[in-house]
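# Kindly return the folded structure for what I paste below:
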Amino acid sequence: MSVQTIASRYAKALMDLAVERNAVDTVLENVKMFKEAVSNRDLYLLLKSPIVKESKKIEIFKVLFDGKLDEITDGFFSIIMRKGREEYLPEIADSFITQYKSRQKISSAKITTAAPMSEEKLAEIKATLLKSNITEESIDLEVVVDPSILGGFVIEIGDKLYNASVLHQLNKLKKEFVGNDYVKAY
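Residues are numbered from 1 along each chain as shown. Presented below is the predicted three-dimensional model:
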């Protein structure tokens, strides 16, 4: 079974439990906190390591998160760790957040620009995306600044990509000229 399938199933179980107990937002905050903690490379590698014993992982996990998680999330993480599935926790967290966004009708979008954009311009782009039929009822917009695109912007929504960058336009022009040798007419 693939990692994504396993993560999706566990995340769905956590989501179902959170919905049943009316604690979806609390569990979401706990999962986001965990995801932020796992962005630490050492913790990530600890969870993925087959060498570190399960008891040591549980001990470290308790030190890091004791008293910081609600009953539902703490119990869920404990079960996952006792079952020896802790290596999937980062992916389970990602899948839970994705399921939450789907449940709340939130689209994730990423906009890459060559220079920082003003809040007004970002609000305008967000409003335009909301009017289109490619987004849900609201948008979670991630903004990335990448000077290598030279200018313009790139928008990614799910599996859709709109590339209006200067670099993309230059590459298109370059492809048109390759193999199209100029022949002087006499």
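# residues near residue 52, how many?
14 (other C-beta atoms under 10 Å). Where you see a C-beta, it was placed from the backbone N, CA and C, and this is true even at glycine.
# which non-adjacent residue is nearest it?
Take residue 52 and drop its neighbours on the chain: the residue closest to it by C-beta to C-beta, 6 or more residues apart in numbering is residue 46, 6.0 Å away.
# tell me the contacts of the closest residue to residue 104 other than its chain neighbours?
Residue nearest to residue 104 in three dimensions, not counting chain neighbours: residue 138, with 7.7 Å by C-beta to C-beta, 6+ apart. Shown in contact with residue 138 (C-beta atoms under 8 Å, 6 or more residues apart in numbering): 104-107, 130.
# Now residue 18: closest residue in space, sequence neighbours ignored.
Nearest non-adjacent residue to residue 18, counting by C-beta to C-beta, 6+ apart: residue 27, 4.1 Å away.
# Give me the number of neighbouring residues for the one you found.
Residue 27: 22 neighbours (other C-beta under 10 Å).
# Show me which residues of the helix or strand containing it are buried.
Per DSSP states H and E: residue 27 is located in helix 24-38. Residues of helix 24-38 classed as buried by neighbour count (16 or more other C-beta atoms under 10 Å): 24, 26-28, 30-31, 34-35, 38.
# which residues touch it?
Everything outside helix 24-38 that qualifies as a contact, by C-beta under 8 Å, 6+ apart, is 14-15, 18, 43-44, 47, 64-65, 68-70, 72-73, 77, 89-90, 93-94, 96-97, 100, 103.
# What's the mean pLDDT across it?
Mean pLDDT, helix 24-38: 95.
# Next secondary structure element downstream of it?
helix 41-48.
# for the helix or strand just after that following helix, the distance to its chain's centre please.
Downstream of helix 41-48, the next assigned helix or strand under DSSP H and E is helix 54-65. Put simply, helix 54-65 sits 25 Å off its chain's centre (C-alpha atoms, centre = their mean, to the nearest Å).
# again with stretch 136-143
For stretch 136-143, the distance to the chain centre is 12 Å (C-alpha atoms, centre = their mean).
# List the buried residues of that stretch.
139, 141.
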